[in-house]
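Colleague: Coordinates for the following, if possible.
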Amino acid sequence: MSLRSNFFSSPSPSLQPAAMSALSHLFSNLYSKTILLFTLLLIELILLIRSLTRLNLKSDKRPITTTQYLKLIENKYPTIYYTKKLKPKLQQLDCSVCLSEFEDGEKIRKLNCKHSFHKDCLDKWFQQYLATCPLCRNKVLPDDVVARYQLRNQVDQYDGSDEEMVFFLSAFHGRHRFHRRFF
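Modeller: Below you'll find the model as predicted:
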């Protein structure tokens, strides 16, 4: 057999299974990476659509910041400084949130329900819970204001950062020990 006929002849049967196995492995990896890429693109598209729909909210439905929220509370229930002269006007002489007695010069808020609290204690309560009195649960602010403040908290849950996305996607990949322990 000449060199030319040897070159153009089909490969030996022993090489074919190895080549087919390598080719199969290559296509398998390519398929997995393509699926992963399309999954990433789909997630990014969903996040983009969600963020765009939130931006298109009507102006009266836009979230309010914590500063704006606290300013609304301040306007409706102004801060007063506790003095001994206020004792007869107050229903209680201690803050039911921190359980401390009021002392001269401390900032307090008196609600319409006649309950009084330290300003800072009540402001933290309003930020963490609904805008209600901690004792009697009477509403302090209208529901729409509270909903707009809570909407800000929901929007802040995913800030669009790459770190969150990398963490999320690395769990799918499964190469990191951290994820194998917890997922």
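Colleague: from here on, contacts and neighbour counts on C-alpha atoms
Modeller: Noted.
Colleague: C-terminal to the helix or strand where Leu41 lies, what's the next element?
Modeller: Element membership of Leu41, judged by DSSP states H and E, is helix 15-55. Proceeding N to C from helix 15-55, the next assigned helix or strand is helix 66-76, under DSSP H and E.
Colleague: What residues of that next one count as buried?
Modeller: Under the neighbour-count criterion of 16 or more other CA atoms under 10 Å, helix 66-76 has Tyr69, Ile73 buried.
Colleague: How about residues contacting it?
Modeller: By CA atoms under 8 Å, 6 or more residues apart in numbering, the residues outside helix 66-76 that reach it are Asp123, Gln127, Leu141, Val145, Tyr149.
Colleague: For the helix or strand where Asp120 lies, name the packing helices and strands.
Modeller: Assessed by DSSP H and E, Asp120 sits inside helix 119-128. Secondary-structure packing of helix 119-128 (3 or more CA pairs under 8 Å, 6 or more residues apart in numbering; DSSP states H and E): strand 107-110.
Colleague: helices or strands up against the strand it packs on?
Modeller: Strand 107-110 packs on strand 80-81, strand 116-118, helix 119-128, going by 3+ CA pairs under 8 Å, 6+ apart.
Colleague: Of these, which stretch is the most buried?
Modeller: Mean neighbour count (mean count of other CA atoms under 10 Å) peaks for strand 116-118 among the helices and strands packed on strand 107-110, with a mean of 25.
Colleague: Check the model's average confidence along that one for me.
Modeller: Averaged over strand 116-118, pLDDT sits at 90.
Colleague: now stretch 65-78
Modeller: 88.
Colleague: returning to that earlier point: so which of the helices and strands packed on strand 107-110 is nearest Ser24?
Modeller: Set against Ser24 and scored by CA to CA, the helices and strands packed on strand 107-110 come closest in helix 119-128, at 56.1 Å.
Colleague: Next, the angle helix 66-76 makes with that closest one.
Modeller: 120 degrees (axes from the mean of the first three to the mean of the last three CA atoms, to 10 degrees).
Colleague: Export helix 119-128 to PDB, keeping only CA atoms.
Modeller: This file holds the C-alpha atoms of helix 119-128, laid out as PDB (Å, rounded to 0.1, in the frame of the first residue of the first chain):
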ATOM      1  CA  LYS A 119     -38.800  59.300  70.200                       C
ATOM      2  CA  ASP A 120     -36.000  57.000  69.200                       C
ATOM      3  CA  CYS A 121     -37.800  53.900  70.500                       C
ATOM      4  CA  LEU A 122     -41.000  54.800  68.700                       C
ATOM      5  CA  ASP A 123     -39.200  55.600  65.500                       C
ATOM      6  CA  LYS A 124     -37.400  52.200  65.500                       C
ATOM      7  CA  TRP A 125     -40.800  50.600  66.100                       C
ATOM      8  CA  PHE A 126     -42.300  52.400  63.200                       C
ATOM      9  CA  GLN A 127     -39.500  51.300  60.900                       C
ATOM     10  CA  GLN A 128     -39.600  47.700  61.900                       C
END
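Colleague: That concludes my questions; thank you for your assistance.
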